[in-house]
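> Please find the sequence and the predicted model below.
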Amino acid sequence: MRSLILSSFLILVSSLSAKPNVLFIAIDDLANDCTHTPHIDRLAASGMRFDRAYNQIPLCNPSRASVLTSRRPDATQVYDLDRHFREALPDVITLPQLFRQNGWFTARVGKIYHYDVPNGIGTVGLDDKPSWQLVVNPKGRDVIDEKLITNPTPQKPVSAALSWLAAEGTDEEQTDGMIATEAIQLLEKHRNEPFFLGVGFFRPHTPFVAPKKYFDLHPLDSIRLPEAPADDRSDIPIAAFAHNNPTPHYGLDELTCRKALQAYRASVSFVDAQIGRVLDALDKFKLADNTIVVLWSDHGYHLGEHLGIWQKRTLFEESARTPLIIRAPGAKGNGNTCHRIVEFIDIYPTLADLASITPPKLDGRSLRPLLDDPTRKWDHAAITQILRPADDRLPTQVMGRTIRTERWRYTEWNEGEHGLELYDHDKDPQEFQNLARMPSAEASAVMKALHGLLDPKAHGTPPASPVNPKRL
């Protein structure tokens, strides 16, 4: 009996001291409001969903650069789709690189760093060689079938248009299905050593491609576009609208937009099914109890809000707020939703903290306290920014910066030269009324306080002292 107790104790100590695995799941262009996602929902039910998580820049490449370095865009100097963060930060230690340096096997399948979609599928994209010991770049029939895609705006490439395809064939023939298959094989092969596995899905990025059965989950007659007041755009600065979507709904009729929304939701459900396959493999290989699972998207996504905004590149809530779920084995808060304001640069220090690794100097902060108590005091704000190029609407390049507290969103375009916005989320969660146009005494006081926290000379870094959401 004594030997049995001792043996059990040693097993327990061994499991507690073992290096935790990390399953790092990225989804491209995932909106905050999606339906028919049972596998993402079950991950949230067993982990923690952060329903007020904000990206640092709502565009694929710069957002991913910030997530994987825990540095803000003004540090990475990545504001567009072409620049690599190592041009400005050649010696930065990325999140997977940190784990690699500390004895974890690191591998990537699919899109973790930026790829051009769909042209970059099957290539290394803007990958980062020091981050990984192994990379896998599947390429499925969705690329081969590109000629079958419906594109109602043929002047735009399918990567930038509301384009879609209800595909023939099986899940496993699509790139994302192949990514799930490869990830499962890596889980099995490396289950006896600590691993950091990045699994990056390409959908629901345009073109919206998914097998036909996922379209059937979202009948067209049930699809409705978001509603907004008829004068919603009258108090919004021109710079608030992305240069690649200046015309509401791209000039498309309602039925075509509903078909695009159906296709988007079908793509989300398809990716959800692939995530389910990977989560099932964690259970099958008995890895779940020692694996931290993080599920994130690079930014939020517009689906017709504000009278016809689609995709990303805005500083409105739908684009700046981003899906984030963390399931940490043994965390006291598992099964709960956290309503505190957190940022995507917080993911890196959180994982380092959970794995007991000392990270380099980072811009983010660990969310571990919230994983144990999602209701604890957390007086922090989130900063998001976007760069607008000069075009027919804007005579000069414009940087937009927004700060989100638990009550307010305040936005400046070129420090206010090209417009200001203030929204009271207690009363106006859909951001229909821009209080900066005719500010009350209260609104003026809030704008003055938040203006100082958006000082571009601080390069977007968080305030030296915490922001109290009860005051702002």
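Yep, that arrived.

> alpha carbons only for contacts and neighbour counts from here, please
Noted.

> what about Lys332, neighbour count?
16 (other C-alpha atoms under 10 Å).

> make that Leu255, sorry
Residues near Leu255, counting by other C-alpha under 10 Å, number 13.

> what sits against it?
Leu255 sits next to no residue when contact means C-alpha atoms under 8 Å, 6 or more residues apart in numbering.

> Check the secondary structure at Arg409 for me.
At Arg409 the chain is in strand, as set by DSSP: H, G, I helix; E, B strand; the rest coil.

> Equivalent analysis for Pro369, please.
helix.

> And for it, nearest residue in space, chain neighbours not counted?
Leaving aside its sequence neighbours, Pro369 sits nearest to Arg376 (C-alpha to C-alpha, 6 or more residues apart in numbering; 7.8 Å).

> quick one: pLDDT of the one you found?
Listed pLDDT for Arg376 reads 96.

> Kindly provide the distance from it to Gly333.
Separation of Arg376 from Gly333 (C-alpha to C-alpha, to the nearest Å): 11 Å.

> again, but for Asp455
Taking C-alpha to C-alpha as the criterion, Asp455 is separated from Gly333 by 35 Å.

> just to revisit the earlier point, and the residue nearest to Pro369, which of the three is it?
coil.

> Would you double-check that Ala45 falls in a helix?
Yes - counting by three-state DSSP, Ala45 is part of a helix.

> Now do the contacts for the spatially closest residue to it that is not a sequence neighbour.
In this structure, Ala45 finds its nearest non-sequential neighbour in Gly335, 4.8 Å apart by C-alpha to C-alpha, 6+ apart. For Gly335, the contact set (C-alpha under 8 Å, 6+ apart) comprises Ala44, Ala45, Ser46, Gly47, Met48.

> mind redoing it with 6 Å?
Counting by C-alpha atoms under 6 Å, 6 or more residues apart in numbering, Gly335 touches Ala45, Ser46, Gly47, Met48.

> Look at Asp455 and Gly333 and report which has more neighbours.
Between Asp455 and Gly333, Gly333 has the larger neighbour count (other C-alpha under 10 Å), namely 21 against 14.

> so the more buried one sits right up against Pro369, yeah?
No - between Gly333 and Pro369 there is no contact under C-alpha atoms under 6 Å: 9.4 Å.

> Provide a list of residue ranges in this protein with pLDDT below threshold.
For the chain, applying pLDDT under 70 flags the ranges 1-17, 456-472.

> mind listing the helices in it by residue range?
For the chain, the helices defined by DSSP state H occupy 2-17, 38-46, 60-69, 73-76, 95-101, 141-144, 175-189, 212-216, 254-284, 305-308, 317-320, 347-354, 368-372, 441-453.

> So Arg409 is in contact with Tyr423, correct?
Yes - at 5.2 Å, Arg409 and Tyr423 qualify as touching, with contact defined as C-alpha under 6 Å.

> Comparing these two, which residue is more hemmed in?
Taking neighbours as other C-alpha under 10 Å, Arg409 and Tyr423 compare with Arg409 leading, 27 against 23.

> So what's the residue count around the closest residue to Ala167 other than its chain neighbours?
Spatially, and ignoring its direct neighbours in sequence, Ala167 is nearest to Pro211 (4.4 Å; C-alpha to C-alpha, 6+ apart). Neighbourhood size, Pro211 [other C-alpha under 10 Å]: 20.

> ok, Pro211 to Ala263 distance?
On the measure of C-alpha to C-alpha, Pro211 and Ala263 end up 10 Å apart.

> again, but for Asp426
32 Å.

> between these two, who's got more neighbours?
Using other C-alpha under 10 Å, the more surrounded residue of Asp426 and Ala263 is Ala263, with 28 against 9.

> Enumerate every residue touching the residue nearest to that one when sequence neighbours are not counted.
Ranked by C-alpha to C-alpha, 6+ apart and with sequence neighbours excluded, the top spatial neighbour of Ala263 is Phe208, at 5.7 Å. Residues in contact with Phe208, defined by C-alpha under 6 Å, 6+ apart, are Trp164, Ala263, Tyr264, Ser267.

> So what pairs up with Phe208 in the strands?
Here Phe208 sits in beta bridges with Trp164, going by DSSP bridges.

> what's the distance between it and Ala183?
22 Å.

> Just confirm Asp363 contacts Arg71, I think it does.
Yes - using C-alpha under 6 Å, Asp363 is in contact with Arg71, at 5.3 Å.

> higher neighbour count, those two?
Each of Asp363 and Arg71 has its neighbours counted (other C-alpha under 10 Å); Arg71 has more, 28 against 18.

> Next up, the contacts around that one.
Asp363.

> Can you pull the phi/psi pair for it?
phi -130, psi 140 (degrees, to the nearest 10).

> Distance of it relative to Tyr115?
Note on Arg71: its distance to Tyr115, by C-alpha to C-alpha, is 20 Å.

> Ok, Pro369 next?
From Pro369 over to Tyr115 the distance is 34 Å, taken as C-alpha to C-alpha.
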